[in-house]
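Undergrad: output the structure for:
(one chain, ligands or ions: 1)
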Amino acid sequence: MILRIIAVGRLRESYWQDAAADYIRRLRPYARLDMVEVAISSKEAATPGAEIRAMEAEGAAILDKLKRHSGPVIVLDRTGDALNSQQLAERLQDLILEGRSEVAFIIGGPLGLSPAVLDRADLLLSFSPMTFPHQLMRVILLEQIYRSFRIMHHEPYHK
Ligand SMILES: C[S@@+](CC[C@H](N)C(=O)[O-])C[C@H]1O[C@@H](n2cnc3c(N)ncnc32)[C@H](O)[C@@H]1O
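TA: Here you go, the predicted model:
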C-alpha cells in the first residue's frame, strides 16, 4: 500500500525530523510512504483577508497534489471523527482488503485547512478536540499509522 502524507510546512527542528524518520524507517516493511510537503503561503502583512487567501493558496496546492492520487483521502481535522487505534487499523485493513492501493492523509499548516480541502475528504479524522502544532501532528500520525500496521499484523507493540 502507498501511504501518501500531504503536509503543509516542513519539519524545521531536528527532533521532529528524527522522530518522523524513526517511524518512517519502522513503517518500511509494511507500506511505501510518499511524503509530500506543500509550502506555507506567505501572507501579505496585515491586509484584510490575507490569512484566508494564504490558506486558500495552500489548499489549492494540496488539491493539485491530489490530482495524481487515486485512493481515499483522510483529512486531519480537530472537529472530525474520533477513532481509536484499533478502529484506525480496521479502516486501513478494510482498504487493503478492498484492493485500494493508495491512501492519502492531509495535515494543514498553522492557518489550518481551507473549506475546499475539507470538502475533498472521504474521512475527517480527529486526534482529539485539542489543537496540535502541525509538526507534532505529523509525528503523531506516523506513530498511529505504524501502530495500525502492528495491530493488523498481530505483532506486539506498546499497549
Ligand atoms: C496548528 S493546526 C491548525 C490550527 C488552525 N488554527 C485550525 O484551527 O485548524 C495544523 C493542522 O494540524 C492538524 N491537527 C491539529 N490538531 C488536530 C487534531 N486534534 N486532530 C486532527 N488534526 C489536527 C490539522 O490538519 C490542522 O490543520
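Undergrad: how about residue 36, phi and psi?
TA: In terms of degrees, to the nearest 10, the main-chain angles of residue 36 are phi -120, psi 120.
Undergrad: can you report how many residues lie near it?
TA: Look at residue 36: counted by other C-beta atoms under 10 Å, it has 16 neighbours. C-betas here are computed from N, CA, C, even on glycine.
Undergrad: try residue 12
TA: 8.
Undergrad: show me the contacts for it.
TA: residue 135 (C-beta atoms under 8 Å, 6 or more residues apart in numbering).
Undergrad: that one in helix, strand or coil?
TA: Recorded secondary structure, residue 12: coil (DSSP: H, G, I helix; E, B strand; the rest coil).
Undergrad: ok, now residue 71?
TA: coil.
Undergrad: count the neighbours of it for me.
TA: Residue 71 has 18 neighbours, counted by other C-beta under 10 Å.
Undergrad: doesn't residue 103 make contact with it?
TA: Yes: between residue 71 and residue 103 there is a contact under C-beta atoms under 8 Å: 5.0 Å.
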